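Visitor: Provide a 3D model corresponding to the input given below.
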Amino acid sequence: SLRKELVEIHPTSASLKGVLEKLRKNAVRLKEDSFAYAKDKWDESHATPDFKVGDLVLVSTTNLNNIKGCKKLKDSFAGAFVLNALHGENAVEVELSEELSNKHPTLPVSLIKPYESSDSETFPLRNKDPQVMPPIQSSGIKKITKVLKERKMRTNKVRE
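Guide: Next comes the predicted model:
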């Protein structure tokens with residue numbers, strides 16, 4: 001008598017529930033397979049960096065906006081800088097030059113690559129770093145010896 005009062009479920013609804021449950025289980029399995037595949041590919045292509053304190057490294061210039069010159073022509077890496085400390089596997093602390101002193105010295109490993117010194121026997125024509133000449137001592141007072149051109153200002157005043 002109690003069964004007659006309950007609403008009967010149509011047979012197609014019961015089979016639809018079974019189909020939806022199979023689809024849900026399949027989606028969970030595919031998601032787990034996708035994560036496992038991505039992890040395998042990452043582990044296959046990713047090498048942990050083997051930097052040591054005191055190594056010379058190059059720093060990527062992608063985020064360095066204060067390097068002078070045309071952005072299109074600037075080098076992709078600047079350096080060589082001394083590696084001061086390791087902060088886990090993914091970050092390093094670098095001793096930056098005066099030009100980059102306003103930047104934070106802790107950088108991710110993805111922006112660092114090891115410095116390889118130039119071998120003069122293998123690359124005889126490679127340019128070496130230019131020698132920096134010390135500034136010449138002068139008295140500090142400069143004299144104008146000759147005016148090369150006169151230029152008229154908009155207010156018709158002559159400027160020498």
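Visitor: Relative to residue 146, how far out is the spatially most central residue of the chain?
Guide: The centroid of the chain falls nearest to residue 111 when counting by C-alpha atoms, centre = their mean (4.1 Å). To residue 146, residue 111 is 51 Å away according to C-beta to C-beta, to the nearest Å. For every residue, glycine as well, the C-beta is placed using N, CA and C.
Visitor: Tell me where the model's unsure across this protein.
Guide: Scanning the chain for pLDDT under 70 picks out 1-11, 66-67, 128-139, 151-160.
Visitor: Now do the helices in it.
Guide: 2-5, 11-45 (DSSP state H).
Visitor: So what's the gap between the longest one and the chain middle?
Guide: Pointing back at helix 11-45 there. Helix 11-45 has its average C-alpha position 36 Å from the chain's average C-alpha position, going by C-alpha atoms, centre = their mean, to the nearest Å.
Visitor: Domain map for the chain?
Guide: With domains defined by automatic domain parsing, the chain comprises 2-45, 56-114.
Visitor: before we move on, back to that, for the residue nearest to the centre of the chain, which non-adjacent residue is closest in space?
Guide: For residue 111, ignoring the flanking residues on the chain, the nearest one in space by C-beta to C-beta, 6 or more residues apart in numbering is residue 60 at 4.2 Å.
Visitor: contacting residues for residue 75?
Guide: Contact analysis of residue 75 by C-beta atoms under 8 Å, 6 or more residues apart in numbering lists residue 61.
Visitor: That'll do, ta.
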